[in-house]
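K.L.:
what shape does this take:
(one chain, ligands or ions: 3)
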Amino acid sequence: MKTKDIPQDATFTEYTHAAGGWGSVRALGSILMQENVVANGARVLMKQNKPDGFACVSCSWAKPADPHMFEFCENGAKATAWEITDKRATPEFFAAHTVSELEQWSDLELESVGRLTEPLRYDAASDKYLPLSWQQALDEIGTELRAMPPEKVVFYASGRASLETSYMYQLMARMYGNNNLPDSSNMCHESTSVALPKTIGVAVGTVRLEDFEHTDCILFFGHNTGTNAPRMLHPLEEARKRGVPVITFNPLRERGLVSFVNPQSPLEMLTPARTAISTQYLQIRIGGDTAAAMGMAKWLIEEDDAALAARQPRLLDPGFIADHTSGFEEFARVVRAADWGEIETQSGVSRDQLEQAAKTYTGARAAMLMYGMGITQHREAVRTIHMLTNLLLLRGNIGKPGAGICPIRGHSNVQGQRTVGITEKPEMVPQEKLRAQYGFEVPQKKGLNTVEACEEILRRDIAGFIMLGGNFVRAIPDHSRMEPAWREIPLTVQIMTRLNRSTVIHGKKSYLLPCLGRIEIDQQGSGPQAVSVEDSTGCMHGSRGVTAPASEHLWSEVAIVAELAKRITPPNPKVDWDAWRADYSKIRSAIAETYPEIFHDFNERMWTPGGFARPLAARERKWNTDTGKANFIAPDSFEEDPDMPAHGPDVLRLMTTRGDSQFNTTVYSLDDRFRGVYGTRRVLLLNAADMERLQLNNGDFVTARTVCDDGIDRRVGNLRVQSFDIPPGCIMGYFPELNPLIPLAHHAKGSKVPAAKSIPVRLSVVGPRPGAATDPESQIRAA
Ligand SMILES: Nc1nc2c(c(=O)[nH]1)N[C@H]1C(S)=C(S)[C@@H](COP(=O)(O)OP(=O)(O)OC[C@H]3O[C@@H](n4cnc5c(=O)[nH]c(N)nc54)[C@H](O)[C@@H]3O)O[C@H]1N2
Ligand SMILES: Nc1nc2c(c(=O)[nH]1)N[C@H]1C(S)=C(S)[C@@H](COP(=O)(O)OP(=O)(O)OC[C@H]3O[C@@H](n4cnc5c(=O)[nH]c(N)nc54)[C@H](O)[C@@H]3O)O[C@H]1N2
Ligand SMILES: [Mo]
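P.N.:
Ligands and ions are numbered 1, 2, ... in the order given. Okay, here's the model as predicted:
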């Protein structure tokens, strides 16, 4: 990393305001200015998440049928500004800089160059990217791929590409000859996709937007809503105004979950009226969620035992448990046997607090449970999601209005990509339908997911790596091992919009294929085209570009995939890539034929305000599980980290999260306003007691080392420590800067999601910053 990133002028101030409000408006103005798109930006934003406009390229939160006039948030607007920027990464730019030079640039500097304008190929002789024609680029890539054994080629998808592109992409990979379709979901909600089918028989959440109007209680686990799905604060705020309790479980007091000023409400903007979002905030230990849910279940089951004995009203829903579930008795046995002392130690919160939460939950006729990466990115994520589902099942909180489970997805179409076949598991795709439709056999060998693809790359056994969006080499764990191996891949190809680290750390042959973003007008043979996406609540939305393309040379993702597919798949008269490219409604008809239950009448329904909903069996209390019922699954322990038990008190548990000014590996600025961190991302936030114990002062520079017994030295240096309101033993730091610390093998059991939220680390002091102890800038209140 370039030294520019090291915080010489970093500041820390406690952020005491609500999320949203004037701060949001100011931040929005400055990003529009930074990208030189103030006038156009304002016009474009009016079309964001509107039934006839475009679906935001930031998060995947639901888009209401009756949108606000400004149905966007500060961070969605930032993502828009980033895409419609007037900055360009032109061939002249690439002529002026060698790749070795660009490699020294920070992520922020690379992305700040702007949108790519033409296809480029890496030229080893000059160490530069040089322009070439689309025809030539695609022909060369086609020739390379045809010569490779199909099982040695990987087709990665980040979660932004449309349903149309994603459907074509998976078909291309399978017709080429493999199921190597890892995606960003493998680093994200794959734990959900593995856990929920076993308990409730669906792979996605059951909550829809209308449930917010009928719920009586919201349990909120491990999601930073004010930053990562801010539009969700609107339905939350409305629920709060109806008096609905919101119980939050998070090691950090995230601003958006503490209080919110609606930047869209003139009244709230003029008066300092904040809506308190959480009615109870449990600052649990990192990885303490199984224990916390266990504590709540224990109170509930034991109070219910007592109520039953005393012939009092029951606390559980015995009718639901009897008719709809399996495994209750075994689960209840484990819960009754659980020890409160252990629950308190593991969760980091008191029995009183958990009992209070359980009482509130029990008082609700219908309750919803939402969660994010704080749950899914752990070694025991699948077990924890089972435990959260158990809690809902105890009171029949699946399949009734106002109830349900809501995994808050990441990328704007990550759920949809799965729905149309992006998965390494061949059993997840409707093979018979594809056989009937196209007369070809889906390869039977299980493909590679993200972690497995990384393992093969480390073995130097991958020949070609194609990326439909994303920034693979930066988003994955274990950079110090992965980067040298990545450089040895014979061919890497990026379908992308802006420069990133995977561009400068590249395979031996490397091509950049610049595409249109979703906000841009996509003109094809039959006229301007629309695409579609699925949101976190299983609703499908049409999306139409509204702004002129960043360059006349950009192709759409559909066009790029179609032309690549023509070159690498055997000719098949039933798959007309050209016709699909010319008219996307034909792709939608094909999707409808493959998945009729979800996508029937796709073209007619895609503009339904609020989207059209996919059927979800669990919502109707139909359970597509092995027992035909919803399953209680008892946890085998509460401990978060099975392989890395406590190595002594100097080992701390590190979570790597997003700040307020980034979209994943895309960093817009070095500030994280809501957490009061300015001007740096190379910082670790610690509990004051830990700092004292480890003899650290605010502003000291440390090196973090991973505690792992595989003999590999994983470290990140030049990190500044700061005391913060975080439970003892826990540290917060930023993704992706700290990814070198995550061992590839440190991933969730069952889902293989890298455990980015609990990395065991030791800190060693490099040296104090001059005057650190009395530094007036270091003002964060001790926890
Ligand atoms: N603006 C913006 N929006 C985004 C993104 C972005 O980068 N920027 N990224 C998108 C993507 S792909 C995703 S997946 C989502 C991610 O959205 P989030 O799920 O919010 O992901 P993180 O930023 O990693 O924050 C994790 C949260 O979990 C908490 N946490 C950490 N460990 C634990 C734990 O053990 N238990 C509990 N209960 N909580 C814990 C952290 O304190 C933090 O509040 O956001 C999406 N939306
Ligand atoms: N330590 C740690 N690691 C993590 C996480 C964490 O919390 N902690 N989170 C994980 C999660 S949840 C995720 S989802 C992954 C994210 O991993 P990825 O999805 O691979 O990464 P992104 O940063 O979202 O990808 C950004 C790039 O996408 C390209 N892009 C942007 N828009 C478009 C478009 O419209 N089309 C195309 N084709 N390309 C486009 C741009 O070139 C941009 O540089 O990271 C994971 N890694
Ligand atoms: Mo994600």
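K.L.:
are we agreed that residue 703 is in a strand?
P.N.:
Yes - counting by DSSP: H, G, I helix; E, B strand; the rest coil, residue 703 is part of a strand.
K.L.:
got a list of what it touches?
P.N.:
715, 716, 717, 718, 719, 763, 764, 766 (CB atoms under 8 Å, 6 or more residues apart in numbering). C-beta here means a position set from N, CA and C on the backbone, and glycine is covered the same way.
K.L.:
for the protein, which residues are neighbours of ligand 1?
P.N.:
58-59, 75, 188, 221-224, 227-229, 249-252, 254, 284, 286-287, 289, 372-374, 410-411, 655, 657-658, 662-664, 757 (CB under 6 Å from any ligand atom).
K.L.:
where in the stretch 451-600 of the chain is pLDDT low?
P.N.:
Across the stretch 451-600 of the chain, not a single residue meets the criterion (pLDDT under 70).
K.L.:
just the strands in it please.
P.N.:
For the stretch 451-600 of the chain, the strands defined by DSSP state E, counting those that start in this stretch occupy 464-468, 491-496, 509-514, 522-524, 527-534, 539-544.
K.L.:
is it possible to get a markdown table of those that adds mean neighbour count and distance to residue 293?
P.N.:
Below are the strands of the stretch 451-600 of the chain laid out as a markdown table (neighbours: other CB atoms under 10 Å; distance: least, CB to CB, whole Å):
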| stretch | mean neighbour count | distance to residue 293 |
| --- | --- | --- |
| strand 464-468 | 26 | 36 |
| strand 491-496 | 25 | 40 |
| strand 509-514 | 23 | 45 |
| strand 522-524 | 18 | 45 |
| strand 527-534 | 22 | 28 |
| strand 539-544 | 24 | 28 |
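K.L.:
Throw those into JSON lines and include distance to ligand 2, thanks.
P.N.:
Below are the strands of the stretch 451-600 of the chain laid out as JSON lines (distance: least, CB to the nearest ligand atom, whole Å):
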{"stretch": "strand 464-468", "distance to ligand 2": "6"}
{"stretch": "strand 491-496", "distance to ligand 2": "4"}
{"stretch": "strand 509-514", "distance to ligand 2": "8"}
{"stretch": "strand 522-524", "distance to ligand 2": "11"}
{"stretch": "strand 527-534", "distance to ligand 2": "10"}
{"stretch": "strand 539-544", "distance to ligand 2": "11"}
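K.L.:
ok, the closest residue to ligand 3 within the stretch 151-300 of the chain to residue 73 distance?
P.N.:
Distances between the stretch 151-300 of the chain and ligand 3 by CB to the ion are smallest at residue 188, namely 3.3 Å. Here residue 188 is placed at a distance of 20 Å from residue 73 (CB to CB, to the nearest Å).
K.L.:
those two: who's more crowded?
P.N.:
Between residue 188 and residue 73, counting by other CB atoms under 10 Å, residue 73 is the more crowded of the two (31 against 27).
K.L.:
just give the nearest non-adjacent residue to that one, would you?
P.N.:
residue 230 (3.5 Å; CB to CB, 6 or more residues apart in numbering).
K.L.:
how many neighbours does the one you found have?
P.N.:
What residue 230 shows, counting by other CB under 10 Å, is a neighbour count of 26.
K.L.:
I'd say it and residue 75 touch.
P.N.:
Yes - under the criterion of CB atoms under 8 Å, residue 230 makes contact with residue 75 at 5.8 Å.
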